[in-house]
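>>> this one's sequence-less:
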């Protein structure tokens, strides 16, 4: 075999959530460390790496389309190797090579760090014809890998923020979810290790750090002397002028200790609470394998607002779960229409054979689930409009992220109230040039649906 052509270009496609994006950042780092050049132009890549999501059918369909596109580039373009990583390989396991015979390598969530040597094997010959042993695969065991501050990563977010994964896997038994089958059991990183990574990010003067995991409120339960409260207190002591945002809080794990710490760590620790409740019907929650009811969720949100009066509460819901009746949905609709939350995401139930909910009776028609989704979002829109009205005339700090391409003297950014790529934006007018990826004080002048309108002060 000839020496490895280290000038080979590698392109990456990352699908799914920010947690997946972090895995992709690690793989980009491994490719770079191995001497390969990373390109953002897939058509110019000699190897294409697709980091996949697979926990619902639409995610699998998106992965399938991305793989088909990459294989077409391999057939007709410069591409000599296609690598599929992430959750889809773990989902398919030994079916993967049969379902996608053109794929050259499969990496599960347990071995993203192997990408460098995999690329070296795949691209180690100038004509790419030396390998005839079939696709590179793994043993498909349940993942136990956990990246740390020494694992390496290349940031792919804008300079306005960076994600930090504080844990991997999940121990919950929600019947509508296969994440534990894809990612393994919950495992927390050490507090000092996370603090070291955040410190490095803050040295780049990054305005916002976003903590992510499958359930951030569960953090530290597998460690000694660790909890989310202790972690955020440690991170807020890291030098630097940055916002700290926490995503994915399981409702039954939001303790008074955590809320007291949240209030104490303001304003660096943002009073933004992402608490996916999925539903408020007690009967349906029990069927989902979750605990609680509407009264308990309301009590939790009252506790949050009691500790943090300016809190923005976001939740996510599922419509069309097997057995969801009109009565169940009406209870959920009334709750949303009553202004229970400030931000909302609604998903229709997506069925997979591996889900425990798959065998439940009374599956809801997809059109009915979609109609219920629309009704909830319309009800939430009214709540949001009233909340936006109350912000008119107030002042906010906004991180400027990009200029408007069509309008001069207009920029787009986010205040602490908006999570990146999840919530709305703030449209800022200014006669002076605004510096990108820095905060500016603005006065809210109006709103257009989900987006605020403001003038720079």
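Arrived safely, thanks for sending. Bear in mind the structure is a predicted one, so any value in this text is a computation, not a measurement. Residues are numbered from 1 along each chain as shown.
>>> From here on, just use CA atoms for contacts and neighbour counts.
Noted.
>>> In the stretch 251-400 of the chain, mark out all the helices, start to finish.
For the stretch 251-400 of the chain, the helices defined by DSSP state H, counting those that start in this stretch cover 256-264, 282-288, 294-307, 326-337, 366-391.
>>> Show me where the stretch 351-457 of the chain dips below the pLDDT cut-off.
Along the stretch 351-457 of the chain, no part satisfies pLDDT under 70.
>>> thinking again about what came up before, out of the helices of the stretch 251-400 of the chain, which comes closest to residue 57?
Nearest to residue 57 among the helices of the stretch 251-400 of the chain is helix 366-391 (12.9 Å), distances taken as C-alpha to C-alpha.
>>> So which elements touch that closest one?
strand 312-319, helix 326-337, strand 343-348, strand 439-448 (3 or more C-alpha pairs under 8 Å, 6 or more residues apart in numbering; DSSP states H and E).
>>> Now do the last one against helix 366-391, angle only.
Here strand 439-448 runs at 120 degrees with respect to helix 366-391, directions being taken by axes from the mean of the first three to the mean of the last three C-alpha atoms, to 10 degrees.
>>> Can you name every helix or strand that strand 439-448 contacts?
So strand 439-448, by 3+ C-alpha pairs under 8 Å, 6+ apart, packs with helix 366-391, strand 395-403, strand 451-456.
>>> Using neighbour counts, pick out the buried residues of the first one.
I take that to be helix 366-391. 369-370, 372-373, 376-377, 379-384, 388, 391 (16 or more other C-alpha atoms under 10 Å).
>>> Could you verify my assumption that residue 161 touches residue 205?
No: using C-alpha atoms under 8 Å as the test, residue 161 is too far from residue 205 to be in contact (9.6 Å).
>>> ok, back up a step: what would the helices of the stretch 251-400 of the chain look like in TSV with distance to residue 353?
Formatted as TSV, those follow (distance: least, C-alpha to C-alpha, whole Å):
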stretch	distance to residue 353
helix 256-264	37
helix 282-288	15
helix 294-307	29
helix 326-337	24
helix 366-391	16
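>>> out of those, which comes closest to residue 180?
Of all the helices of the stretch 251-400 of the chain, helix 282-288 sits nearest to residue 180, with 15.0 Å by C-alpha to C-alpha.
>>> buried stuff in that closest one?
Result for helix 282-288 [16+ other C-alpha under 10 Å]: buried residues 282-285, 287-288.
>>> try stretch 70-80
So stretch 70-80, judged by 16+ other C-alpha under 10 Å, has buried residues 70-71, 73-74, 79-80.
>>> got it, and stretch 213-221?
Quick answer for stretch 213-221 (16+ other C-alpha under 10 Å): 213-220.
>>> closest to residue 448 out of the helices of the stretch 251-400 of the chain?
Short answer: helix 366-391, nearest of the helices of the stretch 251-400 of the chain by C-alpha to C-alpha, at 8.7 Å.
>>> Pull the distance from the closest one to the chain's centre.
Computed by C-alpha atoms, centre = their mean, to the nearest Å, the chain-centroid distance of helix 366-391 equals 22 Å.
>>> and if you look at stretch 97-108?
The chain centroid and the centroid of stretch 97-108 are separated by 25 Å, computed with C-alpha atoms, centre = their mean.
>>> do stretch 384-400 as well
25 Å.
>>> thinking again about what came up before, can you put the helices and strands packed on strand 439-448 in JSON lines and add distance to residue 88?
Putting those into JSON lines (distance: least, C-alpha to C-alpha, whole Å) gives the following:
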{"stretch": "helix 366-391", "distance to residue 88": "24"}
{"stretch": "strand 395-403", "distance to residue 88": "32"}
{"stretch": "strand 451-456", "distance to residue 88": "35"}
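>>> re the thing from before, with distance to residue 92 as new columns, can the buried residues of helix 366-391 be given to me in a markdown table?
Output for the buried residues of helix 366-391, formatted as a markdown table (distance: C-alpha to C-alpha, whole Å):
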| residue | distance to residue 92 |
| --- | --- |
| 369 | 27 |
| 370 | 28 |
| 372 | 32 |
| 373 | 30 |
| 376 | 34 |
| 377 | 34 |
| 379 | 39 |
| 380 | 37 |
| 381 | 39 |
| 382 | 42 |
| 383 | 42 |
| 384 | 41 |
| 388 | 45 |
| 391 | 48 |
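>>> bridging residues for the nearest residue to residue 41 once chain neighbours are set aside?
In this structure, residue 41 finds its nearest non-sequential neighbour in residue 11, 6.7 Å apart by C-alpha to C-alpha, 6 or more residues apart in numbering. Beta-bridge pairing of residue 11 under DSSP bridges involves residue 39, residue 48.
>>> Tell me which residues touch residue 11, please.
Going by C-alpha atoms under 8 Å, 6 or more residues apart in numbering, residue 11 touches 38-42, 44-49.
>>> And for residue 172?
Neighbours of residue 172 in contact, by C-alpha under 8 Å, 6+ apart: residue 180.
>>> Residue 324 now?
Residue 324 neighbours (C-alpha under 8 Å, 6+ apart): 284, 364.
>>> roughly how far apart are it and residue 442?
Between residue 324 and residue 442 the distance, using C-alpha to C-alpha, to the nearest Å, works out to 44 Å.
>>> Kindly report the same for residue 118.
Residue 118 is 49 Å from residue 442, by C-alpha to C-alpha.
>>> quick one on the thing from earlier: now, which of the buried residues of stretch 213-221 sits nearest residue 95?
Nearest to residue 95 among the buried residues of stretch 213-221, with distances taken as C-alpha to C-alpha, is residue 214, at 26.2 Å.
>>> How is that closest one assigned, secondary-structure-wise?
coil (DSSP: H, G, I helix; E, B strand; the rest coil).
>>> Please report how far residue 325 lies from residue 175.
Relative to residue 175, and taking C-alpha to C-alpha, residue 325 is found at 18 Å.
>>> ok so, going back, quick one, grab the pLDDT at the residue nearest to residue 41.
Residue 11 carries a pLDDT score of 98 in this model.
>>> same question, residue 126
Residue 126 is given a pLDDT of 44.
>>> what's the farthest-apart pair in the buried residues of helix 366-391?
Top of the distance list for those (C-alpha to C-alpha): 369 and 391, 33.2 Å.
>>> which one of the contacts of residue 11 is nearest residue 31?
residue 38 (7.6 Å).
>>> And for that closest one, the neighbour number?
Other residues lying near residue 38 total 20 when counted by other C-alpha atoms under 10 Å.
>>> and if you look at residue 365?
12.
>>> check contacts around it.
residue 320.
>>> Pull up the gap between it and residue 199, please.
For residue 365, the distance to residue 199 equals 49 Å [C-alpha to C-alpha].
>>> Repeat that for residue 232.
Computed as C-alpha to C-alpha, the residue 232 to residue 199 distance reads 13 Å.
>>> From the contact counts, what lies against the host helix or strand of residue 58?
Taking DSSP states H and E as the criterion, residue 58 maps to helix 57-76. Packing partners of helix 57-76 (3+ C-alpha pairs under 8 Å, 6+ apart): strand 47-52, strand 81-86.
>>> Now do that helix: distance to the chain's middle.
21 Å.
>>> likewise stretch 274-289?
The chain centroid and the centroid of stretch 274-289 are separated by 21 Å, computed with C-alpha atoms, centre = their mean.
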